[in-house]
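Peer 1: Need a 3D model of the sequence below.
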Amino acid sequence: MRTQLSARHVLGHRDGGHVLFRDAAVVYEDDVIVHVGHGYAGPVDRHVDLGNALLTPGLIDLDALTDIDHLLLDSWHDAEDAKGLTWSAEYFARGRRDVFTADERQTIRRYALVQLALHGITTYMPIASEVHSAWAEDAAELAGMARTSRELGLRGYLGPAYRSGVNVVADDGERTVLFEPALGEAGLKDALAFLDWVEELADPLVNGVLLPCRIETLTPELLADTAAASRTRDVLVRLHSLQGLFERNFLAERHGTTPLEMVAAAGLLNDRLLIPHGILTDRHATVHGEDRGDLATLAGAGVSIVHCPQTSFRYGQVIDSFSSYKKAGITMALGTDSFPPDLVRGMDAGVHLAKLADGRADAAPVSAYLDAATLGGAAALKRPDLGRLAPGAQADMVAFSLDDFRDGVSDDPVRTLLLNGTARNAFHSVVAGRTVMADGALPGVDLDALGRAAEEIFAKMRSAYGERDFKGRSADVLFPPSYPAAD
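Peer 2: This is a model prediction of the structure:
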């Protein structure tokens, strides 16, 4: 079937970069684009006029929140109170539990994937908190998420997260990591079984990857086994590292190494590795405050950084700096990592954080961030057929309305969207030639019912924090209202 989408603005691709067409069209047959731009004279089976919209490649989110919103709860405490949101050592010792049932976990995944689709994300790699689980994810849970993802029509890069240890707070208030290495080994085995399941499924929209947890929660042996599996199976690995001072100090004390040295020693420092955040390189003020080779090491190995600017902004962090990483030759992709999964707001935050980091207004233009959300993500995934609207590429695209009076006047459509709009401007999306969202709605999804279910699950999630707090405080004490309640 041949379909034509026309729009006031189309972000096409030419000579290795994006270009803007005005009053243009994208034509795709089945799952492949056959024409972008003007002058298409061939027959089509269906034509959709998107009107005053910006039609772009589908957005790629490589640290995509597939959880119930947690930022509402954990982004505003002072350092001391924030310790109460982590497992206590006593909770670790007396026996952990799954806060949610298996069915509730699948409702959480469905809620999150619907949010991704509504925000214009077409390709994603999931991230979810393990704090509410007895230990980590398993293959069955991810298989369920894969089924929901296929139903909605999204393109997923999936795998169960696994770890050897967990961050805890001891009775004296000090943070550390406690380990059960056998659980990490079992988790990797389960992750490899999931890769086998994906291979048998043979669905191009479901792709298997290895998703170990934070580097400080992994033993060197588990990291090395992950690297060996990645090499043997030629699959990507996403590893949360270079995130903060606790991680760096803990690894120095326990293993006598820096995070980047530990990655290299395990055999993971290569072009199959994706590192979310990547904030704490030697350039960072809390490390050395000067370049001592970390960026060149990452670039030389072909590692991709999954920059999450909105999350960094909300937790008071900044990468130093987006332009420096790009100049070093590092592939920069984007992730959301928190709610809302809005890459448009994320790109806007990134543009302005870059100004602060580099001290100049032109540090990172909006085009650099939209490139990261499309071409950068595609490069990290080794998928040159994604992230661009060009003949031969996959028919993955999203349209953002420019008609909302609240978005103000329109100059350049990309700047107007990123500076004045949000991803809620998305109203039409296509993945592999299938319409996922039309007129702002997802066919077959009851948003009201899903929203009610999410509220009930969130209340259950919020309540469970109290049983894990090292001071034994209730959820109402941990999460007081912004203002006192009136009588």
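Peer 1: contacts, neighbours, all on C-alpha from now
Peer 2: OK.
Peer 1: Let me know the helix or strand that T122 is in.
Peer 2: Taking DSSP states H and E as the definition, one finds T122 inside strand 121-127.
Peer 1: what's the answer for L211, then?
Peer 2: Going by DSSP H and E, L211 is in strand 211-212.
Peer 1: Tell me which residues are up against that strand.
Peer 2: Strand 211-212 has contacts (C-alpha atoms under 8 Å, 6 or more residues apart in numbering) with 158-163, 218, 237-240.
Peer 1: Give me the distance from that strand to the chain's centre.
Peer 2: From the chain centre to the centre of strand 211-212 is a distance of 13 Å (C-alpha atoms, centre = their mean, to the nearest Å).
Peer 1: Given it, what are its sheet partners and their directions?
Peer 2: Here strand 211-212 has these sheet partners by DSSP bridges: strand 161-162 (parallel).
Peer 1: so what strands line up beside the helix or strand just after the strand it pairs with?
Peer 2: Proceeding N to C from strand 161-162, the next assigned helix or strand is strand 165-169, under DSSP H and E. Looking at strand 165-169 with DSSP bridges, its partner strands are strand 87-88 (parallel), strand 175-179 (antiparallel).
Peer 1: ok, and which of the ones you listed has the densest surroundings?
Peer 2: Counting by mean count of other C-alpha atoms under 10 Å, strand 87-88 has the highest mean neighbour count of those, with a mean of 24.
Peer 1: I'd like the next helix or strand past that one.
Peer 2: Where DSSP H and E defines the elements, the next helix or strand beyond strand 87-88 is helix 89-94.
Peer 1: Secondary structure element holding A399?
Peer 2: Assigned by DSSP H and E, A399 belongs to strand 397-401.
Peer 1: quick one, strands of the stretch 151-300 of the chain?
Peer 2: 155-158, 161-162, 165-169, 175-179, 206-208, 211-212, 237-238, 273-276 (DSSP state E, counting those that start in this stretch).
Peer 1: what's the most buried one of the ones you listed?
Peer 2: Across these, the average number of neighbours (mean count of other C-alpha under 10 Å) peaks for strand 161-162, which reaches a mean of 28.
Peer 1: Outside of that one itself, list whatever touches it.
Peer 2: For strand 161-162, with C-alpha under 8 Å, 6+ apart as the criterion, the contacting residues are 136-138, 184, 187-188, 191, 210-213.
Peer 1: Quick check: closest non-adjacent residue to the spatially most central residue of the chain.
Peer 2: Most central in the chain under C-alpha atoms, centre = their mean is D63, positioned 1.7 Å from the mean C-alpha point. Closest residue to D63 apart from its sequence neighbours, by C-alpha to C-alpha, 6 or more residues apart in numbering: G335 at 4.4 Å.
Peer 1: My read is that the one you found contacts L343, right?
Peer 2: Yes: counting by C-alpha atoms under 8 Å, L343 is a contact partner of G335 at 7.3 Å.
Peer 1: residues near A102, how many?
Peer 2: 13 (other C-alpha atoms under 10 Å).
Peer 1: ok, now which ones touch the closest residue to P181 other than its chain neighbours?
Peer 2: Of all residues not flanking P181 in the chain, S164 sits nearest, at 4.6 Å (C-alpha to C-alpha, 6+ apart). Contacts for S164 were tallied using C-alpha under 8 Å, 6+ apart; they are 179-185, 217-219, 222.
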